[in-house]
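>>> mind looking at a prediction? Sequence and model below.
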Amino acid sequence: MPTPLVRTYADIAVLIAGGTSGVGLATARAFADAGVRRIALLGRDSGRGAAARQQVADHCPEARVEFLACDAGVVAQVEDTVGRAHALLGGLDVLVSSTTAAYRPDLLHRTDPADLEAILVGQALPPMLLTRIVLPYLQEQGGGSIINIASDAAKVPTPGEAALGGAMAAIVMFSKVAALEAKRNGVRVNVLTPSLIAGTTTAANVLSDGFSKRLFEKAATQAHLGVAEPDDLAAMAVYLGGPAAARITGQTISVNGGVSVA
């Protein structure tokens, strides 16, 4: 059996979808701090993308940082953008998918049936497309790491998160199967499942008012180790993308300050 390709941080190229804010942007900075010098950020908004690229470049002037505009839910755009990122960076070793879609939890009987498809597709499809399209690049070179970010809604049945939980569970099972299929080529696939993440746009949205505000305020009281912050997720993503995690694949890791132990 061939030995999987394992590279140091200084040798790898990292692609971060959703890299213009929140967890994705924190992850870009954390990879740069770990020694990564080739980073590409994907996002839909060119203005935010340019600002994020500059922020990471200022944080680590030695790093080459690229921004590529892309709607990660559109197949043709993902195929084109991943190919361009591979060419610009001179390779690709790590994918971090930190895409999100605007959604505020509410009880199922109050959820418009017409919204279910948009919730499921908007949340679950981008990391699936990115994984599928990045995977052959990693298989061809004999190794790499994919880190998809879902949420604890995949593990813990929570009132108000029926549709979201279904989407997150889909990401988790998709990633586990991908891990089983890809391991023979040295490619690892893992999932991070946070709960509430302080200081993010998603947190501001769900804490703004109504049912979701009460739901997540209660969750925060259960985080006795502290509500997770973007840097907490970033640190775990950097670990999973690096050589110390060379034997870890198919795992779903909660980073939630103790909100749950699922």
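Nice, I can see it.
>>> just checking, what packs against the top strand by length along the chain?
Criterion DSSP state E: the longest strand present in the chain is strand 187-194. With contacts taken as 3 or more CB pairs under 8 Å, 6 or more residues apart in numbering; DSSP states H and E, strand 187-194 sits against helix 116-141, strand 144-149, helix 162-182, helix 230-241, strand 252-255. To be clear about C-beta, it is placed using only N, CA and C from the backbone, and glycine gets the same treatment.
>>> which of those is buried the deepest?
Highest mean neighbour count among these (mean count of other CB atoms under 10 Å): strand 144-149, with a mean of 28.
>>> and the closest residue to A10 other than its chain neighbours, what is it in contact with?
Excluding the flanking residues, the one nearest A10 by CB to CB, 6 or more residues apart in numbering is G35, at 4.6 Å. Counting by CB atoms under 8 Å, 6 or more residues apart in numbering, G35 touches 8-10.
>>> of these, grab the buried ones for PyMOL.
In PyMOL syntax, the buried subset of the contacts of G35 is picked out as below (16 or more other CB atoms under 10 Å):
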select buried, resi 9
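>>> from the contacts of G35, which is closest to A50?
The shortest approach to A50 among the contacts of G35 belongs to Y9, at 25.3 Å (CB to CB).
>>> leaving out the residues flanking it, which one is nearest to that closest one?
G35 (3.9 Å).
>>> where in the stretch 1-150 of the chain is pLDDT low?
Scanning the stretch 1-150 of the chain for pLDDT under 70 picks out 1-6.
>>> and the strands in it?
Secondary structure of the stretch 1-150 of the chain, counting by DSSP state E, counting those that start in this stretch: strands at 13-17, 38-43, 64-69, 94-97, 144-149.
>>> turn those strands into TSV, including distance to G258.
Putting the strands of the stretch 1-150 of the chain into TSV (distance: least, CB to CB, whole Å) gives the following:
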stretch	distance to G258
strand 13-17	27
strand 38-43	31
strand 64-69	34
strand 94-97	24
strand 144-149	19
